[in-house]
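Peer 1: Provide a 3D model corresponding to the input given below.
(chains A, B and C)
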Amino acid sequence: MRREIPLAITFITALIMIVSFCIPHAPFGSMQDVSLKWYSIIAGFTMLLGVDSLIHMHSVKIKRKKEGWVYSLVLILGFALFVISGIIGGIRFGSAMDIRSSFMYLYTYMIVPLQSTMFALLSFFIASAAYRAFRARNMDATLLLITAVLVMLGRVPVGYQMWHSFPAVAEWIMAVPQMAAKRGILIGVSLGSLAVSLRIMLGIERSYLS
Amino acid sequence: MSIFEKFEKIDRRFIFLLVALAVLTPLIFKVTMKIPISSPVKSAFKAVDTLPRGTNILISVDYDPASMPELQPMYRTLLYQCFEKGLKPVMIVQWPLGLPLSINTMAEVAEQYNEMARKEGKDTVVYGRDYVNIGYRPGGVAQVVGIGKEIRDYFESDYRGTPLDSLPMMKDIHNYDNFALLFALEAGSMGDIYVQYANARFGIKIILGMTAVSAPDAYPYLQAHQIIGLLGGLQGAAEYETLMKRPAFATMGMTAQSWVHVLIVLFILIGNIGYFISRRKKRS
Amino acid sequence: MHNFWVILGVWMAAFLTLAIFSFLYKDNPFYKFAEHLYVGTSAGYMLIYTYFLVIKPMLIDPISQEHQWILLIPAFFGVIMLTRWFPKIAWLSRWSIAFTVGIGTGLAITGSIQGLLVPQIKGTLIALHGWNGATLNNLLIIIGVIATLTYFYFSKEHRGFVGKTAKLGITYIMIAFGASFGYTVMARISLLIGRMYFLFHTWIPLIK
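Peer 2: Here you go, the predicted structure:
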């Protein structure tokens, strides 16, 4: 039963979605509405799973004084800081998301610089990679390289200064050959995901239950 | 060892330094360049600009600080455009980590606009009457389909817990039918979900403002008329600012962007010359 | 007071920005500090938003104020998702997973046909009339889509005509990847511009 019940749940819920798509009237329409709302609520809980395992892992690291435990302490303190400020925001203003709450202040001056700088680092690495790894080794690589250069120059103002038709060339690449290839990939991927979805619905593909 | 071969062995930190300088110099010296306008941005701008006053427009703010420099300028300019044209924007958020960005920016732009409006004797904008932020709820695809019937099934209150029915602007807004279009600012796959579900099932017109990483993937939608406009990355934002005649961060940033692109093209050229020289040497 | 908090915040943000950038020189304790702080604060943020934007408005308020007892069912499914923490009853979490996977697949089946396959194929079936630029572009699009699809079609050996078409598919794919690379460069540099603007405008006002 530990397998059969989940398989039945998957089949029935997927069927509700498909039938209500074709017949959106009662009772299928309302069954769909209820299922979609329940889905959203359940999905909301998944975030807790990740948070718990992260905090658990670092708490153990601190307790056992493993190498780098001080950084784990920083992580836990950062976590606690946000949870406490969120609770205070909730008590004082009714919601942590109120623009006056310390939670929003900490978000602006901690999460924003941390996350945006973390991703800004990539700019340096992509520049270095372009220098070291981007080689015209064969016909295909040369084509990739030429397109990248044309698009890079065509999509910035300096390209327009060099040659007024540069932006038009870049736009043509994007809208014609690039678009055609992306569409081919898109159609291929969606055919594949359609097949996988059907296999899951019919219980042939069960890896998600392991 | 030729100069190009020497270049090949250069410390990568030297490259990092050059990139940083290429970004910083034009910003400090305020070098500006003319921004050429592409047709997907022009059609996006026109679609919003020609809407009659009082029209509701749904803005989905789906990004977090990681892609803020690209999408925030679009959001700012679009909000300003809405206020100036008397449109009624409703903000919805699908990225939980981006909710504070959507709230803070909304408050800032409204304040800026009101300051200008007071000076020029125009009507000011008021939260709840002229614009609303309904915040974030989970669910992704399920929610996008669900709000096609009734927004209140998911968002019974706005971002700070005020019931939607107590906000005058929301009284007659129930689902996609009550919006002239959806302007979605996307850093991930929510744009695809809106196109495949909100547009295909409920017929709402969509404009996508995307990060440059995801913008190329949206061209098939553009050609198939599943979306009516597309803004790609900082350049897309700069074009929108230019069309609005409000040059700001994106327009200024595009000069720095230009310099770095030229630098990277030079890197590629030098790297390849070095590669061919060493390959020829090896062969001989 | 207000100004003091803003100044403090800007300095804190500048310190964290520089701490992360310090990784460009080499890995160091400042970077590690900032990295761990980032993960911890994000996790704290997630916990708070799950309560204030999910559990409170979607469960607690409707149950306590409007007595929507039916919502106890998704609440139950949500809670049993957390049984993964307890190995003995972890199998219960499969019910919630099965529910979400069922909805997801049901939506994907209808969505990919209606929202993707039909409009994308329709977009490819374009008329070729008159001999002009638009016709040439349309022809290139039709050929490109078919060639790319052929490249991903592995049920037939890529030889002869199929092989040549698949080869043309690679050409199209290389152009698409090149364009994507160009766009990715653009995206990453934009993020750097954003941080530089913060450092040299908001923090040290060099950029006016």
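Peer 1: quick test: name the residue nearest the centre of chain A.
Peer 2: The residue lying closest to the centre of chain A (CA atoms, centre = their mean) is residue A:47, at 13.2 Å.
Peer 1: no wait, chain B
Peer 2: Closest to where the C-alpha atoms of chain B average out (CA atoms, centre = their mean) is residue B:71, at 3.1 Å.
Peer 1: so it versus chain C, what's the distance?
Peer 2: Counting by CB to the nearest CB, to the nearest Å, the gap between residue B:71 and chain C amounts to 10 Å. Placement of C-beta: from N, CA and C, glycine included.
Peer 1: all strands in the stretch 151-284 of chain B, in order from the N-terminus.
Peer 2: Shown for the stretch 151-284 of chain B, the strands assigned by DSSP state E, counting those that start in this stretch span residues B:181-186, B:206-210, B:229-232.
Peer 1: can I get the ones you listed in TSV including mean pLDDT?
Peer 2: Formatted as TSV, the strands of the stretch 151-284 of chain B follow (pLDDT from 0 to 100):
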stretch	mean pLDDT
strand B:181-186	98
strand B:206-210	98
strand B:229-232	98
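Peer 1: now those strands as a markdown table including distance to residue A:24 and mean neighbour count?
Peer 2: Output for the strands of the stretch 151-284 of chain B, formatted as a markdown table (distance: least, CB to CB, whole Å; neighbours: other CB atoms under 10 Å in any protein chain shown):
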| stretch | distance to residue A:24 | mean neighbour count |
| --- | --- | --- |
| strand B:181-186 | 21 | 25 |
| strand B:206-210 | 21 | 28 |
| strand B:229-232 | 29 | 27 |
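Peer 1: just give the closest residue to residue A:112, not the sequence neighbours.
Peer 2: residue B:65 (4.4 Å; CB to CB, 6 or more residues apart in numbering or on different chains).
Peer 1: what does residue C:191 give?
Peer 2: Among residues not flanking residue C:191 along the chain, residue A:120 sits closest, at 4.2 Å (CB to CB, 6+ apart).
Peer 1: likewise residue B:159?
Peer 2: Sequence neighbours aside, residue B:135 is the residue nearest to residue B:159 in space, at 3.2 Å (criterion: CB to CB, 6+ apart).
Peer 1: dihedrals phi and psi, the one you found?
Peer 2: Main-chain torsions, residue B:135, degrees, to the nearest 10: phi 80, psi -160.
Peer 1: next, see if whichever strand or helix holds residue B:70 gets close to chain A.
Peer 2: Under the criterion of DSSP states H and E, residue B:70 resides in helix B:68-85. Yes. Helix B:68-85 reaches chain A (CB under 8 Å from any CB of the partner chain) through B:68-69.
Peer 1: quick check: buried residues in that helix?
Peer 2: By 16 or more other CB atoms under 10 Å in any protein chain shown, the buried positions in helix B:68-85 come out as B:68-85.
Peer 1: surely the residue nearest to the centre of chain A meets residue C:46?
Peer 2: Yes. Contact criterion CB atoms under 8 Å: residue A:47 and residue C:46 qualify, at 5.0 Å.
Peer 1: could you pull out the residues contacting both of the two?
Peer 2: residue B:96 (CB atoms under 8 Å, 6 or more residues apart in numbering or on different chains).
Peer 1: contact partners for the residue nearest to residue A:112?
Peer 2: Residues counted as contacts of residue B:65 (CB under 8 Å, 6+ apart) are A:111-116, B:97-98, B:101.
Peer 1: pull up the gap between it and residue B:97, please.
Peer 2: Distance of residue B:65 to residue B:97, given as CB to CB, to the nearest Å: 7 Å.
Peer 1: now for the helix or strand that contains residue C:100, which elements pack on it?
Peer 2: Element membership for residue C:100 (DSSP H and E) is helix C:93-111. On a contact count with 3 or more CB pairs under 8 Å, 6 or more residues apart in numbering or on different chains; DSSP states H and E, helix C:93-111 meets helix A:4-22, helix A:28-63, helix A:179-201, helix B:141-146, helix C:72-81.
Peer 1: next, the buried residues of the helix or strand just after the second one.
Peer 2: For helix A:28-63, the following helix or strand on the C-terminal side (DSSP H and E) is helix A:69-93. Neighbour-count burial for helix A:69-93, with 16+ other CB under 10 Å as criterion, is recorded at A:71-76, A:78-79, A:81-83, A:85-86, A:89-90, A:93.
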